[in-house]
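**Q** Sharing a model prediction with you, sequence too.
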Amino acid sequence: MRAIQITEFGGPEVLKISDVPTPVAGDGQVLIKVDRAGINYADTHQVENSYLSKTELPLIPGGEVVGHTEDGRRVVALVGSGGYAEQTVAHAPYAWDVPEAVTDGQALALVLQGTTAWHLLKTSTHLQPGETVLVHAGAGGVGSLAVQLAKLWGAGRVIATASTEEKRKQVLELGADAAIDGTPEGLKDRILEANGGKPVDIVLEMVGGQTFDESFAALGRFGRLVTFGAASRQSAAPIDSSRLMKGSKTIAGFWLADCFANPQLLGGPLTELFDLTAGGQLRPIVGGEYALSDVASAHEDMRARRTVGKLLLDPTR
């Protein structure tokens with residue numbers, strides 16, 4: 001079968017089509033004919049071997065797929081790796097039936113990014129009604145869902161960052177109360193200005209470096225900042241414990257992989273997200289769709305922040 005297999009670490013240039021054996025489902029697994037695979041920012045880290053978990057070669061990237069099982073079920077599944085292929089296998093507890101009212105692209109937007117947004121707001125920061133939420137990369141896969149969920153769950157004000165005027169317009173259409181330039185220089189001042197001069201209660205941060213530092217500086221008393229990525233590939237400055245004590249602030253980390261040991265930590269939120277989507281209350285943004293042969297372009301576009309919403313890979317092309 002056709003698949004993207006990497007045999008060396010590097011940038012998008014190492015992503016090449018190969019002919020590999022079709023996988024065989026073992027005990028407790030299901031074989032899935034892949035209709036679409038999801039492309040995630042974490043994939044770019046995995047390909048260059050800068051991800052949180054160790055990556056071994058050769059590797060077929062891609063942690064999520066939507067497709068059909070041998071018995072005809074339409075499922076969205078988490079596969080760890082192997083998704084950039086015509087067929088893949090998943091452990092049965094991590095393959096969830098997709099409702100008819102939810103499209104392939106929407107299902108892929110929800111299974112990782114949606115559940116991440118759910119946990120960021122409910123598990124990591126414990127959003128309370130009336131609080132102010134700052135969402136970085138509000139036009140991205142996680143951000144576009146987090147903006148909507150924060151509003152649905154009673155946030156008093158949602159502020160989103162985005163890199164272009166077009167993206168800032170989009171996050172406002174999704175329900176954000178304010179959209180600001182996410183450039184690190186002067187970011188704290190722009191955050192405060194967007195919140196009427198007041199600090200914010202919650203920050204969802206996935207850029208790292210100076211963006212993390214400026215966001216923490218804009219956090220109010222009893223504020224919570226959760227970091228779930230480092231898109232800038234830069235580390236934030238160390239924070240002295242006294243800066244946490246003054247203002248009673250919290251910094252949390254979140255990595256969805258820590259939910260993988262318990263499928264219910266994913267399946268429960270996913271069911272809620274499916275219901276919200278089917279009912280029209282939540283609108284997952286599906287961005288570009290790429291042929292299997294164009295996967296390098298997809299990674300290039302994602303790293304250059306030229307994309308919005310969920311990116312899809314079509315292994316049939």
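**A** Cool, got the structure.

**Q** Next secondary structure after the helix or strand where Thr44 lies?
**A** In this structure, Thr44 is located in helix 41-48 according to DSSP states H and E. Moving toward the C-terminus from helix 41-48, the next helix or strand (DSSP H and E) is strand 64-69.

**Q** Tell me the buried residues in that next one?
**A** Glu64, Val65, Val66, Gly67, Thr69 (16 or more other CB atoms under 10 Å). Backbone N, C-alpha and C define where each C-beta goes, glycine included.

**Q** re earlier: average pLDDT for the helix holding Thr44?
**A** Computed over helix 41-48, the mean pLDDT rounds to 89.

**Q** same check, this time on stretch 101-113
**A** Rounded mean pLDDT across stretch 101-113 is 97.

**Q** Summarise which helices and strands the longest helix seen in the chain is packed against.
**A** Longest helix in the chain, counting residues (DSSP state H): helix 264-278. In terms of contacts (3 or more CB pairs under 8 Å, 6 or more residues apart in numbering; DSSP states H and E), helix 264-278 is packed against strand 95-97, helix 115-119.

**Q** Show residues contacting that helix.
**A** Helix 264-278 has contacts (CB atoms under 8 Å, 6 or more residues apart in numbering) with 78, 93-94, 96, 98-99, 101-102, 106-107, 110-111, 114-115, 118-119, 122, 145, 152, 256, 259-260, 282-284.

**Q** Buried subset of those residues as a PyMOL selection?
**A** Restricted to buried positions by 16+ other CB under 10 Å, the PyMOL selection for the contacts of helix 264-278 reads:
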select buried, resi 78+94+96+98+102+106+107+110+111+114+115+118+119+145+256+259+282+283+284
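
**Q** angle of the least confident helix or strand in the chain by mean pLDDT against strand 64-69?
**A** Across the helices and strands of the chain, mean confidence by mean pLDDT, DSSP states H and E is lowest for helix 41-48: a mean of 89. Angle between the axes of helix 41-48 and strand 64-69 is 100 degrees (criterion: axes from the mean of the first three to the mean of the last three CA atoms, to 10 degrees).
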